[in-house]
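Q: here you go, sequence then predicted model.
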Amino acid sequence: MIIDKRTILNSLAFPLNTFIRRSAASAVVTLLTSALGTPLAAATTENATVLVAVKAVRETIATSTNSIAWVNVPGATATFTVPALRKDLFIAQFTAESVCWGAGGYCPVRILLNGVEMDPAAGTDFAFDSTDAGTANSSSWESHSVERSRTYQGSFIPVTVTVQVQYMVTSAGANFRLDDWHFTVQQLH
């Protein structure tokens, strides 16, 4: 079998053109991201139509932490059952009287669904409260809130899921106190 140069070039043209187009598209995204200073991201959407369950947990006794690692807010937990082979949406709201004081930094809160941070998952980047650069004191009480959501896909059997609030401080020497809090979780299908 004799293969001429034209056949070889034609067989290489499609993969090469595809590579060039993909490389060019990648370069455009990189340039836009660099020019804008932030990565390009899209908002995400989840849908549900039927309210299955609502749990409200509340507490009037203050709790505090000075931990620079995530710790559970005592009592801020709700459990649900996801039926077999069903995908449910969970929406969680946490509100509290809050004070964050001491060393500079801030005081984040996150909400977990079976140990996975609910969306938008911001990690320590979500400041529930702040020391106001070290100027806040233990009497700088304020009301703050956070709302998160996440879907959970059930398995072949019903599954128990736990929704848990955690808190921490971002710098040693900071203190974070929560009081009179209310934690509401909705399960929707």
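A: Everything's here; your move.
Q: hmm, Ser171 and Gly105 touching each other?
A: Yes. Because the distance of 3.4 Å satisfies Cβ atoms under 8 Å, Gly105 is recorded as touching Ser171. The way it works is simple: take the backbone N, C-alpha and C, and place the C-beta from them, glycine included.
Q: neighbour-wise, which of the two wins?
A: Ranked by neighbour count (other Cβ atoms under 10 Å), Gly105 and Ser171 place Gly105 first, with 21 against 15.
Q: mind listing what that one touches?
A: 130-131, 169-171, 174 (Cβ atoms under 8 Å, 6 or more residues apart in numbering).
Q: let's verify the residue most central in space within the chain: helix, strand, or coil?
A: Nearest to the mean C-alpha position of the chain, by Cα atoms, centre = their mean, lies Ala121 at 1.5 Å. Following DSSP: H, G, I helix; E, B strand; the rest coil, the label given to Ala121 is coil.
Q: state the pLDDT value of it.
A: On pLDDT, Ala121 comes in at 96.
Q: what sits against it?
A: Ala121 makes contact with Arg110 under the criterion Cβ under 8 Å, 6+ apart.
Q: ok, it to Asn137 distance?
A: Using Cβ to Cβ, to the nearest Å, Ala121 is found at 32 Å from Asn137.
Q: low-confidence ranges in the protein?
A: For the chain, residues meeting the criterion pLDDT under 70 lie at 1-41.
Q: domain-wise, how is this protein divided?
A: With domains defined by automatic domain parsing, the chain comprises 1-41, 51-188.
Q: and those domains, which is most packed in?
A: domain 51-188 (a mean of 17; mean count of other Cβ atoms under 10 Å).
Q: chain center to it: distance?
A: 11 Å (Cα atoms, centre = their mean, to the nearest Å).
Q: now do the end-to-end distance for that domain.
A: Taking Cα to Cα, to the nearest Å, domain 51-188 runs 4 Å from one end to the other.
Q: next: stretch 63-76.
A: Terminal residues of stretch 63-76 lie 11 Å apart, using Cα to Cα.
Q: quick one: contacts of it?
A: 57, 59, 94, 102, 109-110, 164-179, 181, 183.
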